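**Q** Got a predicted model here, sequence first, then my questions.
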Amino acid sequence: MSNDIWVWIGAFLTLGTYSILFKDNPVYRVLEALFVAILAGHSVVINWYNFQKPTLTGRLGEGKEWTLIIPLFLAALMYFRYSRKYAWLARYPMAFLMGIGAAYVLTKNLKPMFLAQARATMLPLWVPGNIGATINNWIVVIGVASVLTYFFFTIRKQGPVNAFSRVGRIYLMIAFGALFADTVLGRVSVTLVRFQFLLQDWLGLGM
Amino acid sequence: MKREGPVALLMISGFLYIISVIVASPAMEPVAATLDDWYKVVVGFINLVGVISLTQVNGRAVLRRSEGWFYNAILLVVLYGYIILGLVGGLHNVAFNLIYDNILTPILMTIFSTLTFWIGSAAYRAFRAKNADAAILLVAAVVVMIGRVTLGSAISPAIPKAAEWILNFPTVAGMRAIEMSAAIGGIVLALRMITGLERSFMGFD
Amino acid sequence: MIKEGMVLTFILELIMGIALLVVVKRARAGKKIPVIHEIPGLKALEEAVGRATEMGAPIMFVPGKGDLADAQTYAALPVLEYVAKSCAEYDTRIIVPLGVAVVYPVAEAVTRQAFQVSGKGDAYRETDVRFINEQNWAWAAGINGIMEREKVSAQILFGAFWAESLFLAEAGNRAGAMQIAGTASTSQIPFFVAACDYTLIGQEIFAASAYLNPEPSTTGGLVVQDWGKMLGLVLVLLGSILVTLGSNAIAELMLK
C-alpha cells in the first residue's frame, strides 16, 4: 500500500466519484461541488493572468493601443444586463459577437467542410486492373451521393429518389455502428488507467 | 436603438469581416485581424457573467435553504476561495497548483472514465431495438469491435480486414456527406442572420 | 480582386445569398414551399412538453457546447425559443444549463423573450437559465447533478457536443427522462442515436427552425439548403466521371 497521502486522497476521490455509478450520494455531491467550483475558479484566474491583465496593463497601459477601448466598451455594455432599465444595452456586445460569429461560419466552413470533402470524393469509377479499388470507389461515391439525397427536405421522394435515399440511411447506420465501436475501445483505455492507479499505485498490487 | 441598433451592428460587423477576408487588398488586411482581436477581447471580458450566474444560482439556494443548500455553500466557498488563492498567490503558487493536480485531476479523470460504463448500457438499449436500422448498426458495430481487438484476428484474419474496410469506405462516405450537408445548413443560417432575415431567435425583438 | 483560395467560396455564397433573398421574397408573395422530409424528433418536442406538464416536472434544454462562432449554436437557439414558448404556455419549468459563458446571455435573452411573448413574463425564473462551467466535464457533471435532483422529465440536447455527449444522454436515461437530441458533431451522433429516444442527424438540426416556425425566411432557407446539397451531388458525380476520363478540372476547381 502507498505511503503517499496524495495517493490516498486520489484513491478516495476516485472511489467517491465512481460511487455515482450506483446512486447519487452525499460524498459524490461534495465532490461534484468541488469539481465545478475549482474548475470555474481556475478559469477565472487563468483568464485574468493570461488575458485580461496583459490586455489592460500591457497593451492598453504600456502599449497605448487606444483602439482596444472599443471592444472593452462593448464588453462593459454586457454588464448592463443586470439593470432592469438598461438591459437592452447588453444586446450590442451580443450582436457584435453574433455578427463576427456568422462571418466566421461564412468564411471558414465552406472550403474544408464542403469543397474539400467533395473533392476527396471525386474518385475514378474505373481503376484499370484493380477491381477491388474500383468497387471501393463506387461505394464511396454512391455513399456520399445517397446520404446527400437522404437529407433533401423539400423534394418529394418517390421511386428511384426514395430508394436512393434509403440507401443513404443504410450508410448512416453502418457509419454510426462503426464509429460507436471504434470509440468504445479508446474509452476503455481511460478506465484501465484509473483502475491501474487504484490497484497499483494505491494498493500496491502487481499488475 | 433597442432593436434595430443591435441588428445593424450584427450586419455591419459581419459584412466588414467577410469583405476584409475575401477581398485581396492591403488596406483591408488589418481589418479582419482587428475584428478577430476585438472578438477575443469582448469574449475575454464578458466571461465574468458565468461566475455571476454561478453565484446567483448557488447563493439563492443557500439563502432559501433549498434542498441540499449545504452543497451549494461548499461550491461558493471553494469557488471564491480558489479565485482568491490564485489572484493573491499568482499562477505558480504551490497550493493553487496542488489543488488542481491532486484534487481536481483525479475527479476529472474518473468522471471521464465513467463513459466506459455508460457505453455498455447505451449499447444494450440501442441494440435491443428490433428494427432494420438497429440491426445494421449492430452488425457494423460488432464487426468493428471484434476486428479491432486481438480476438478478431484469432477467429479469422478476415474480421480485422472487414473492420478496416467498414471504417475506411462506407463510414467515411457517410460522415463526409453529413459534414457537407451540415456545412450548407450552417452557411444558409449564417446568411439569414447576416442579411437580417433572421432576428427572432436572437432575443432582440 | 478576390483573395486566392477564396474565389469559389465567394462565388458560391454570393449565389446562395441572392437565391435566399429571391426565394424568401417569392415565399412572402405567397408561393408555397412544401416541406417533405419527416423529422420525428421535432414532433416529439411537443410530446416532451406535454409529458413534463402532466408530470409537473421540469424540462432540460441543453444548447450544446459550441460558442457563438459555431453554426450549431445558432441552430439550437430557435429550438430553444420554441420549447421555451411551449413551456411558458403550459406553465412548465425549463432549465437551460450553459457550458459557454458567452452563449449564456444569449440563451437567457431567448428564453426570457419566449416567456414574455407568451404573456408569461412573470413565470420566467432567471436562475433556471444558468451557467455551469466552461470545462466540458464539469459542465456535464453539473447537468448530471440537476438531472438527479430536479427530477427532470425530458432532456433536449441540441447543438455541438464533444466526448461528454454520452455522459449527458446516460444521465437522462438514469433519471428516466425522455430524450431528444440533435447534433451535427459527426463523432457524437452515434452515441445519441444509441442512447436517446429521438435523434436529429447532421443537417436536420439546421432544418429545425423551418419545421417549428414555418415562415418565408425559414422555409426559404430550407429550399436554398437543398439547392446547396444538389450542387454537392452534381459536383461529386461530375467530378468522379471526369476523373475517370482523366481530367482533374472539377477537382482542381475546388481549390480555387
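**A** Arrived safely. Numbering: from 1, shown residues only, chains lettered A, B, ... in the order given.
**Q** What distance do you get for the residue in the stretch 151-256 of chain C that chain B sits nearest to to chain A?
**A** Residue of the stretch 151-256 of chain C nearest chain B, by Cβ to the nearest Cβ: C:Phe206 (2.7 Å). (Each C-beta comes from the backbone N, C-alpha and C, glycine too.) Distance of C:Phe206 to chain A, computed by Cβ to the nearest Cβ, to the nearest Å: 10 Å.
**Q** Pull the contacting residues for that residue.
**A** Contacts for C:Phe206 (Cβ atoms under 8 Å, 6 or more residues apart in numbering or on different chains) come out as B:Ala182, B:Gly185, B:Gly186, B:Val188, B:Leu189, C:Ala71, C:Ala75, C:Ala184, C:Gln225.
**Q** same check, this time on B:Leu108
**A** Going by Cβ under 8 Å, 6+ apart, B:Leu108 touches A:Phe35, C:Trp137, C:Ala138.
**Q** Nearest residue to the first one in space, please, no chain neighbours.
**A** It refers to A:Phe35. Excluding its sequence neighbours, the residue lying closest to A:Phe35 (Cβ to Cβ, 6 or more residues apart in numbering or on different chains) is B:Ile107, at 4.7 Å.
**Q** A:Leu15 is in contact with the one you found, correct?
**A** No: with contact taken as Cβ atoms under 8 Å, B:Ile107 and A:Leu15 are classed as non-touching, separated by 11.1 Å.
**Q** Have a look at those two and say which one is more surrounded.
**A** Neighbours per residue (other Cβ atoms under 10 Å in any protein chain shown) separate B:Ile107 from A:Leu15, with B:Ile107 holding more: 25 against 14.
**Q** Mind telling me what element that one is part of?
**A** Using DSSP states H and E, B:Ile107 falls within helix B:105-113.
**Q** Tell me which residue in chain A sits closest to chain B.
**A** For chain A, Cβ to the nearest Cβ, closest residue to chain B: A:Gly143, 2.6 Å.
**Q** Would you confirm that that residue contacts B:Met180?
**A** No: using Cβ under 8 Å, A:Gly143 is not in contact with B:Met180, being 11.7 Å away.
**Q** Looking at these two, which is more packed in?
**A** Higher neighbour count among A:Gly143 and B:Met180: B:Met180, with 31 against 27, using other Cβ under 10 Å.
**Q** Which residues are in contact with the more buried one?
**A** B:Met180 makes contact with A:Met113, A:Phe114, A:Gln117, A:Ala118, A:Val144, A:Leu148, C:Lys229, C:Gly232, according to Cβ under 8 Å, 6+ apart.
**Q** Only the buried subset of those, as a PyMOL command please.
**A** Applying 16 or more other Cβ atoms under 10 Å in any protein chain shown to the contacts of B:Met180, the buried members can be selected in PyMOL as follows:
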select buried, (chain A and resi 113+114+117+118+144+148) or (chain C and resi 229+232)
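**Q** Kindly reformat the contacts of B:Met180 as JSON lines containing secondary structure.
**A** Below are the contacts of B:Met180 laid out as JSON lines (DSSP: H, G, I helix; E, B strand; the rest coil):
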{"residue": "A:Met113", "secondary structure": "helix"}
{"residue": "A:Phe114", "secondary structure": "helix"}
{"residue": "A:Gln117", "secondary structure": "helix"}
{"residue": "A:Ala118", "secondary structure": "helix"}
{"residue": "A:Val144", "secondary structure": "helix"}
{"residue": "A:Leu148", "secondary structure": "helix"}
{"residue": "C:Lys229", "secondary structure": "helix"}
{"residue": "C:Gly232", "secondary structure": "helix"}
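**Q** Out of the contacts of B:Met180, the closest to B:Val94 would be?
**A** Distance to B:Val94, by Cβ to Cβ, is smallest for A:Met113 among the contacts of B:Met180, at 45.2 Å.
**Q** and the closest residue to the residue of the stretch 151-256 of chain C closest to chain B other than its chain neighbours, what element?
**A** The shortest distance from C:Phe206 to any non-neighbouring residue, by Cβ to Cβ, 6+ apart, is to B:Gly185 (2.7 Å). Using DSSP H and E, B:Gly185 maps to helix B:170-194.
**Q** Please list the outside residues in contact with stretch A:75-87.
**A** Everything outside stretch A:75-87 that qualifies as a contact, by Cβ under 8 Å, 6+ apart, is A:88-90, A:92-94, B:41-42, B:44-46, B:48-49, B:52, C:105, C:108.
**Q** Now go through these and say which are in helices.
**A** A:92-94, B:41-42, B:44-46, B:48-49, B:52, C:105, C:108 (DSSP state H).
**Q** List just the nearest of the residues you listed to A:Phe164.
**A** So of these, ranked by how close each gets to A:Phe164 (Cβ to Cβ), first place is A:Met94, at 42.5 Å.
**Q** thinking again about what came up before, quick one: contacts for the residue of chain A closest to chain B?
**A** Counting by Cβ under 8 Å, 6+ apart, A:Gly143 touches A:Gly168, A:Tyr171, B:Phe169, B:Pro170, B:Val172, B:Ala173, B:Gly174, B:Arg176, B:Ala177.
**Q** redo that, cut-off 10 Å
**A** A:Gly143 makes contact with A:121, A:167-168, A:170-172, A:174-175, B:169-177, according to Cβ atoms under 10 Å, 6 or more residues apart in numbering or on different chains.
**Q** what does A:Pro160 give?
**A** A:Pro160 makes contacts with A:Thr149, as judged by Cβ under 10 Å, 6+ apart.
**Q** do the same with the one 3 residues further on
**A** Taking Cβ under 10 Å, 6+ apart, we find A:Ala163 in contact with A:Ser146, A:Thr149, A:Lys157.
**Q** quick one: which helix or strand includes it?
**A** For A:Ala163, the host element (DSSP H and E) is helix A:159-196.
**Q** And for A:Lys64?
**A** Under the criterion DSSP H and E, no helix or strand holds A:Lys64.
**Q** Just give the closest residue to the residue in chain B positioned nearest to chain A, not the sequence neighbours.
**A** Residue of chain B nearest chain A, by Cβ to the nearest Cβ: B:Ala173 (2.6 Å). Of all residues not flanking B:Ala173 in the chain, A:Gly143 sits nearest, at 2.6 Å (Cβ to Cβ, 6+ apart).
**Q** If I take the one helix or strand the one you found maps to and helix B:170-194, what angle do their directions form?
**A** Using DSSP H and E, A:Gly143 maps to helix A:131-150. For helix A:131-150 against helix B:170-194, the angle by axes from the mean of the first three to the mean of the last three Cα atoms, to 10 degrees is 30 degrees.
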